[in-house]
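Asker: Sequence unavailable; structure follows:
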């Protein structure tokens, strides 16, 4: 297709490279999302609590390095962080099949790999969110977030649909080679982006504690940013409870094989893709703030269909509820990411992102443990009920905040470099 025929930001070569890197990296991540717990469930025969602990190890990085990651990323070029974390995560995942072939893979080893992958993902995500305003400008953040969410949603369909048959054909450990290949390709595509940031210039005596405190103060004192973080915290805690036991419920109580589980997760991806296509229009018509809480209120209750499912057609009806959850999640994500980025000055983008992630994602490892514990006590279906109720209640912080009436973020006082006139070579800094 001629570049002039491409829609909007896709005409920008560097955004196109970021778009391609996102597609490949997310494809690898979605395969990991299905294959990693199935390594524990099918290859190592882990029990419910061990599967929940694996989910906790994969996400505990948000607690371990969530706050300092923002301060560190604000001192570095975001693109460089994205490239290096992609390549090291690919290497870590590739060790799973190597250990499996050598008959050395254990549950403890899988925990260690999940922890390394999760810590590096924190740095990648903080850099990724902070990099977009530099690349496209704040005036096009909604479009940029919507397009990147669309490709992430498309890979949410293709990833599980590919991973399910692969797990059935070659086993879950070997399937992680496809995850590693996707992440490595993502890093290589990001390496080809030509527009570079200037390396941030540190103050006279940069102090990590002071920088972290500045990010915390800015984010948690801002009513809209604080409400987004708290709503996400409750949602992600409850989602972690739900997702930690979903593979167990589908495999052991519903009797689905990996291919069927992959179809369920692909259905979630279909909902996410529809959400990405609708996100910009819904934000413009209903208002950015209203969309954030309405999306959760309308779609989260549908998750109660899954724990009521039984072997047969009812599980695929329940999958529609999960697709609705994904649709609402992406609509909410696009709106709130654009609000967060628009309300934050450039120099604080990394710390805002890290603080929001620390607050909102910090409960995910706790949710994984709670999921495993509740699954052991109440069964996998009971854990799904707990998660569904919690996700529905997560609407309260944003509904009770100024976001309820916010149609668009306030006029931007913090223009990014991409919004300023490009005066020549000085605006394109070479180097990684």
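Answerer: On my side now, so go ahead. All of these numbers come straight from a predicted model, not from anything done at the bench.
Asker: nearest spatial neighbour of residue 228, skipping sequence neighbours?
Answerer: Leaving aside its sequence neighbours, residue 228 sits nearest to residue 336 (CB to CB, 6 or more residues apart in numbering; 4.9 Å). Quick note: C-beta positions are derived from backbone N, CA and C, even for glycine.
Asker: tell me which element the one you found falls in.
Answerer: helix 313-342 (DSSP states H and E).
Asker: Beyond that helix, next helix or strand please.
Answerer: For helix 313-342, the following helix or strand on the C-terminal side (DSSP H and E) is helix 349-361.
Asker: Next SSE downstream of that following helix?
Answerer: Proceeding N to C from helix 349-361, the next assigned helix or strand is helix 363-393, under DSSP H and E.
Asker: if we can go back for a sec, pull out the buried positions in the helix holding residue 336.
Answerer: Buried residues in helix 313-342, defined by neighbour count with 16 or more other CB atoms under 10 Å: 315, 318-319, 321-342.
Asker: hang on, the earlier thing: who's in contact with the residue nearest to residue 228?
Answerer: 228, 232, 288, 292 (CB atoms under 8 Å, 6 or more residues apart in numbering).
Asker: okay, the third one: pLDDT?
Answerer: This means residue 288. At residue 288, the predicted lDDT confidence score is 81.
Asker: Quick check: mean pLDDT of the helix holding residue 336?
Answerer: 88.
Asker: Give me the contacts around stretch 223-234.
Answerer: 218-220, 289, 292-293, 296, 336, 339-340, 343-344, 352, 355-356, 359-363, 390-391, 393-398, 400-403, 406.
Asker: if we can go back for a sec, what's the angle between the helix holding residue 336 and helix 349-361?
Answerer: 150 degrees (axes from the mean of the first three to the mean of the last three CA atoms, to 10 degrees).
Asker: So what's the gap between helix 313-342 and the chain middle?
Answerer: Centroid separation between helix 313-342 and its chain, computed with CA atoms, centre = their mean, to the nearest Å, is 12 Å.
Asker: so it versus helix 363-393, what angle?
Answerer: For helix 313-342 and helix 363-393, the angle between their directions (the same axes, to 10 degrees) works out to 110 degrees.
Asker: coming back round to it: and the residue nearest to residue 228, how far is that from residue 229?
Answerer: Going from residue 336 to residue 229 by CB to CB, to the nearest Å gives 10 Å.
Asker: out of the contacts of stretch 223-234, which are buried?
Answerer: 218-219, 289, 292-293, 296, 336, 339-340, 343-344, 352, 355-356, 359-363, 390-391, 394-398, 401, 403, 406.
Asker: List the contacts of the residue most central in space within the chain.
Answerer: The centroid of the chain falls nearest to residue 125 when counting by CA atoms, centre = their mean (7.6 Å). By CB under 8 Å, 6+ apart, residue 125 lies in contact with 353, 357.
Asker: how close does it get to residue 396?
Answerer: 25 Å.
Asker: now do residue 92
Answerer: Using CB to CB, residue 92 is found at 38 Å from residue 396.
Asker: ditto for residue 342
Answerer: 24 Å.
Asker: Quick check on residue 400: phi, psi?
Answerer: When read as degrees, to the nearest 10, the backbone of residue 400 gives phi -90, psi 20.
Asker: Name the next helix or strand downstream of the helix or strand encompassing residue 230, please.
Answerer: Element membership for residue 230, per DSSP H and E: helix 223-248. Going down the chain from helix 223-248, the next helix or strand is helix 258-286, by DSSP H and E.
Asker: buried residues in that next one?
Answerer: Within helix 258-286, the residues scored as buried using 16+ other CB under 10 Å are 258-262, 264-280, 282-283, 286.
Asker: what's the answer for stretch 132-150, then?
Answerer: For stretch 132-150, the neighbour count (16+ other CB under 10 Å) marks 132-138, 140-150 as buried.
Asker: now what about that stretch, what contacts it?
Answerer: Residues contacting stretch 132-150 (CB under 8 Å, 6+ apart): 8-10, 12, 14-15, 18-19, 22, 78, 193, 195, 197, 272-273, 275-277, 279-280, 283, 288, 330, 333-335, 337-338, 341-342, 346, 349, 412, 414-419.
Asker: How far away from the center of its chain is it?
Answerer: For stretch 132-150, the distance to the chain centre is 16 Å (CA atoms, centre = their mean).
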